[in-house]
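1. quick one, what's the 3D model for this:
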Amino acid sequence: MEHIKDKPKNTKKDFNPKDAIIVFSSFTAVCLAVLLIFVVYDILTIQSFLSFEKPLGMAMIVVIASIGLLLFGMILASFLPSKYIDDTNKSYQNYSLMVIFFFMFLGALFEEILFRGITQNLLFIFIENQWIAIVITTLLFVGIHTQYFKNPIMLINIAIPSLVFGWVYFETNNILVPLFVHFLMNFGITLIFKYGLISLRR
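-> Just a heads-up that it's a prediction; the model follows:
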């Protein structure tokens, strides 16, 4: 019976981006199916979430918003002690660039389709006020990032980008714009930490 006592009590599984990629892929497929149903039943139109009316304007928004949010994340990380940064955010920087790329892209794809493509659109249909739809969607977006609840100051790092994602989506009516902004921000800040371009405060 002694060997049972010697078993380690910590059975918590370490975060693995490869597992997350599979999960994000599955959830994204479900969300895309839901969007397709909305289009088929005329709840949404393709033009309302995949418009290409102003391609140059969309490209400018992607560049400006991505750089702005990247700078925001860097400034926040520079002033926050490392104890306020979630452990998950630190661990996935150790993976290969390809794994990080797919993890970041599929994570952003799933979240943008769910929150901007489905949630924000439906809220706007019922409420008919863009900013109320954006704020409620942001609250829901913050709500799923439960890993940050132990360090509430990190919720700022979720809420501000979400407001930007919501705004650029309504500005462009193209889900690809917040998707690329979301991906470039996350991928950029991860690479900055991975290669030690800025260091966390102790």
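2. how about the contacts made by the closest residue to Ala20 other than its chain neighbours?
-> Among residues not flanking Ala20 along the chain, Phe103 sits closest, at 5.8 Å (CB to CB, 6 or more residues apart in numbering). Placement of C-beta: from N, CA and C, glycine included. By CB atoms under 8 Å, 6 or more residues apart in numbering, the contact list for Phe103 reads 17-18, 20-21, 24, 92, 95.
3. and the strand or helix carrying Met58, how far out from the chain middle?
-> Using DSSP states H and E, Met58 sits within helix 55-79. Distance of helix 55-79 from the chain centroid (CA atoms, centre = their mean, to the nearest Å) equals 14 Å.
4. that helix packs against which elements?
-> The helices and strands touching helix 55-79, judged by 3 or more CB pairs under 8 Å, 6 or more residues apart in numbering; DSSP states H and E, are helix 156-172, helix 176-194.
5. distance to Gly117 and mean pLDDT for these - can I get that in TSV?
-> TSV is the format used below for the helices and strands packed on helix 55-79 (distance: least, CB to CB, whole Å; pLDDT from 0 to 100):
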stretch	distance to Gly117	mean pLDDT
helix 156-172	8	94
helix 176-194	9	92
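6. confirm Leu197 sits in a strand?
-> No. Using DSSP: H, G, I helix; E, B strand; the rest coil, the assignment for Leu197 is coil, not a strand.
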